[in-house]
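Peer 1: structure for the following, please:
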Amino acid sequence: MGTVSDNRYNQRQVMRRAVGMGAFACLAPLSSAAWSAPVGMASESRKTLTRVLKRGLRGGSSIVVERSWQIDFSRQGQGTAITGTQLSAHVEAPEELAGLARIEEQRSTQSMFPIFLGQDGLIMVAAESNANSDAMGAALAEADRILKERKIPDASADAQRADLARLQLAGTTLLDRMPRDLFRPSREWDRQTRQVPLPDGTTGEFELVWEASMSESGWMKQAKRTVKTRIGATERSSSETWTMAPA
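Peer 2: Numbers count the residues shown, from 1 in each chain. Here you go, the predicted structure:
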């Protein structure tokens, strides 16, 4: 976990980026009449945000990482700032990965905050630049880069399993960044698929499915993204589930 001075420095740096990107039309103090929080959200509100990340492994096992944060929504110029503090972290993993699980549990996530929302509730600026509206494009680019490392065509079962692992590695980029509409989903369900040419002439596939449920005012109650990577009849999947509830 970073120090208080580190966190304040990080917030100042993100604010400079917000100004540079024109994220807010005016950062000077505004009267309450001139400013309005995103629809359905009080100007200051505290929530508990939880993320459960599940990554499938070879042989049917998986790694599950669950983290919770206390987050605060507050007025910032003409938008909303989200600050947060991690409350807990728990990792379930196969015994042979116990060491990595302990490292993951101890990893600080403080650098993901602050996050800035526009009046429509969409992420405009994030501390780690972790909001991405083209996650599929990023995954395809990463898949292309990784697969080019295997230059000799090979249609054997071992080669296909290796390619599936490479595809899955690239597919993890789909879950590395928050969707811009995480806090205020713009759709309840969505599905995207993309084909990926493999070195042996066959084709792999990415599938990304988004499911969300919202409160009456439109704010996220639960959002889930599932990523599947396929080669032929073989597939692996990873998923993340976000929930937001009153603290």
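Peer 1: which element, helix or strand, includes T85?
Peer 2: For T85, the element it lies in under DSSP states H and E is strand 79-92.
Peer 1: need the next SSE after that strand, C-terminal direction.
Peer 2: Counting by DSSP H and E, what follows strand 79-92 is helix 98-106.
Peer 1: what helices or strands is the strand holding T85 leaning on?
Peer 2: Applying 3 or more C-beta pairs under 8 Å, 6 or more residues apart in numbering; DSSP states H and E, one finds that strand 79-92 contacts strand 62-76, helix 98-106, strand 115-117. (Each C-beta comes from the backbone N, C-alpha and C, glycine too.)
Peer 1: would you list every one of the strands in this structure?
Peer 2: In the chain, the segments counted as strands under DSSP state E are 45-56, 62-76, 79-92, 115-117, 123-126, 189-197, 203-214, 220-231, 234-246.
Peer 1: out of the ones you listed, which gets nearest to R177?
Peer 2: Between R177 and the strands of the chain, the shortest separation by C-beta to C-beta is 8.6 Å, and it involves strand 123-126.
Peer 1: follow-up on the earlier one: worst mean pLDDT among the strands of the chain?
Peer 2: Sorting these by mean pLDDT places strand 123-126 lowest, at a mean of 86.
Peer 1: which parts of it are buried?
Peer 2: I123, M124, V125, A126 (16 or more other C-beta atoms under 10 Å).
Peer 1: alpha carbons of that strand, as PDB, please.
Peer 2: Only the C-alpha atoms of strand 123-126 are listed here, as PDB (Å, rounded to 0.1, in the frame of the first residue of the first chain):
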ATOM      1  CA  ILE A 123     -15.100   7.100 -16.700                       C
ATOM      2  CA  MET A 124     -13.200  10.000 -18.200                       C
ATOM      3  CA  VAL A 125      -9.900   9.800 -16.500                       C
ATOM      4  CA  ALA A 126      -8.400   7.000 -14.300                       C
END
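Peer 1: list the neighbouring strands of that strand plus their orientation.
Peer 2: strand 115-117 (antiparallel) (DSSP bridges).
Peer 1: check contacts around R187.
Peer 2: D181, W210, A212 (C-beta atoms under 8 Å, 6 or more residues apart in numbering).
Peer 1: distance of it from T80?
Peer 2: Between R187 and T80 the distance is 21 Å, computed by C-beta to C-beta, to the nearest Å.
Peer 1: repeat for W219
Peer 2: 11 Å.
Peer 1: who's more crowded, the two?
Peer 2: Of the pair W219 and T80, T80 is the one with more neighbours under other C-beta atoms under 10 Å, namely 24 against 19.
Peer 1: please name the nearest non-neighbouring residue to that one.
Peer 2: In space, and not counting its chain neighbours, T80 is closest to L117: 4.4 Å by C-beta to C-beta, 6 or more residues apart in numbering.
Peer 1: okay then, goodbye and thanks.
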